[in-house]
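J.: only geometry, no sequence info:
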């Protein structure tokens, strides 16, 4: 069968359509792919209060946090890098490697209590907390400081200066702050019933309350 020749009008239409199709294909090929959704990583840098000291595995407030996130934000991951007996200087020494390894989106700093128990200078605690906050923020993470207080037998002046370190550092570096991790526990009328036999470490009963203290300050950082 003899094909009918394409007239000039049809030829122009075909050329235009082919050019448009080629342009569309080129745009699709060079368009940047959609950015993947970032899964939040919460790094908890703490001492025995966060390391489940004296508790069965899974009873600590950090483990309870992971359980809560598994339901409300299953893509989130919690890294508990807490070490019993650690001080702010110890946390500062460990932090660089932890930031490189886990690339957290939020760093929760729960350190300072052992500084006070050892009577270490408040200025050193302040410097270490500032350094950890700066390093975390420089790595792209948001920071939540968990404040601590010391018993009155350490002296009024030392206690006031120590307690003031946490809000001062948070304000200076625009970090989030929980003023006192053990609110409703250490200052409860029946405080001793919330602690283990050593009267220093919170019991399993206290762990959900600790999480409830932390959660309102942590949750906004995960949005």
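T.: Sure, I can see it. Treat the numbers as computed from the prediction; the structure is a model and nothing was measured.
J.: Please list all residues in contact with the most centrally placed residue in the chain.
T.: When C-alpha atoms, centre = their mean is applied to the chain, the residue found nearest the centroid is residue 106 (2.7 Å). If you count contacts by C-beta atoms under 8 Å, 6 or more residues apart in numbering, residue 106 has them with 40-43, 141-144, 218, 221-222. Every residue, glycine included, has its C-beta placed from N, CA and C.
J.: so of those residues, which ones are in strands?
T.: Judged by DSSP state E, the subset of the contacts of residue 106 located in strands is 41-43, 142-144.
J.: Distance-wise, check the residue nearest to the centre of the chain relative to residue 95.
T.: 14 Å (C-beta to C-beta, to the nearest Å).
J.: now swap in residue 157 and tell me
T.: 30 Å.
J.: more crowded one of those two?
T.: When residue 157 and residue 95 are compared for neighbours, residue 95 comes out ahead with 22 against 9, by other C-beta atoms under 10 Å.
J.: Walking through this protein, point out its strands one by one.
T.: 41-46, 77-80, 106-110, 142-146, 176-178.
J.: most packed of those strands?
T.: Scoring these by mean neighbour count under mean count of other C-beta atoms under 10 Å gives strand 106-110 as the most buried, with a mean of 26.
J.: Measure how that one sits relative to strand 142-146, angle-wise.
T.: Angle of strand 106-110 versus strand 142-146, following axes from the mean of the first three to the mean of the last three C-alpha atoms, to 10 degrees, is 20 degrees.
J.: Okay, angle between strand 106-110 and strand 41-46 too, please.
T.: Going by the same axes, to 10 degrees, strand 106-110 makes 10 degrees with strand 41-46.
J.: can you list the ones in strands among the contacts of residue 106 in CSV and add pLDDT and distance to residue 70?
T.: Formatted as CSV, the ones in strands among the contacts of residue 106 follow (pLDDT from 0 to 100; distance: C-beta to C-beta, whole Å):
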residue, pLDDT, distance to residue 70
41, 98, 14
42, 98, 13
43, 98, 17
142, 98, 21
143, 98, 24
144, 99, 20
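J.: right, and the strands of the chain - which one's nearest residue 162?
T.: strand 142-146 (13.3 Å; C-beta to C-beta).
J.: Quick check: neighbours of that closest one in the sheet, parallel or antiparallel?
T.: Partners of strand 142-146 in the sheet, by DSSP bridges, are strand 106-110 (parallel), strand 176-178 (parallel).
J.: picking that back up, same list, the contacts of residue 106, but as JSON lines with distance to residue 116 please.
T.: JSON lines is the format used below for the contacts of residue 106 (distance: C-beta to C-beta, whole Å):
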{"residue": "40", "distance to residue 116": "31"}
{"residue": "41", "distance to residue 116": "29"}
{"residue": "42", "distance to residue 116": "25"}
{"residue": "43", "distance to residue 116": "23"}
{"residue": "141", "distance to residue 116": "25"}
{"residue": "142", "distance to residue 116": "26"}
{"residue": "143", "distance to residue 116": "20"}
{"residue": "144", "distance to residue 116": "20"}
{"residue": "218", "distance to residue 116": "23"}
{"residue": "221", "distance to residue 116": "26"}
{"residue": "222", "distance to residue 116": "29"}
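J.: Going by distance to residue 132, which of the residues you listed wins?
T.: residue 143 (8.0 Å).
J.: what's around the residue lying closest to that closest one once chain neighbours are set aside, how many residues?
T.: Leaving out its chain neighbours, the residue that sits closest to residue 143 by C-beta to C-beta, 6 or more residues apart in numbering is residue 175, at 4.0 Å. Residue 175 has 22 neighbouring residues, counting by other C-beta under 10 Å.
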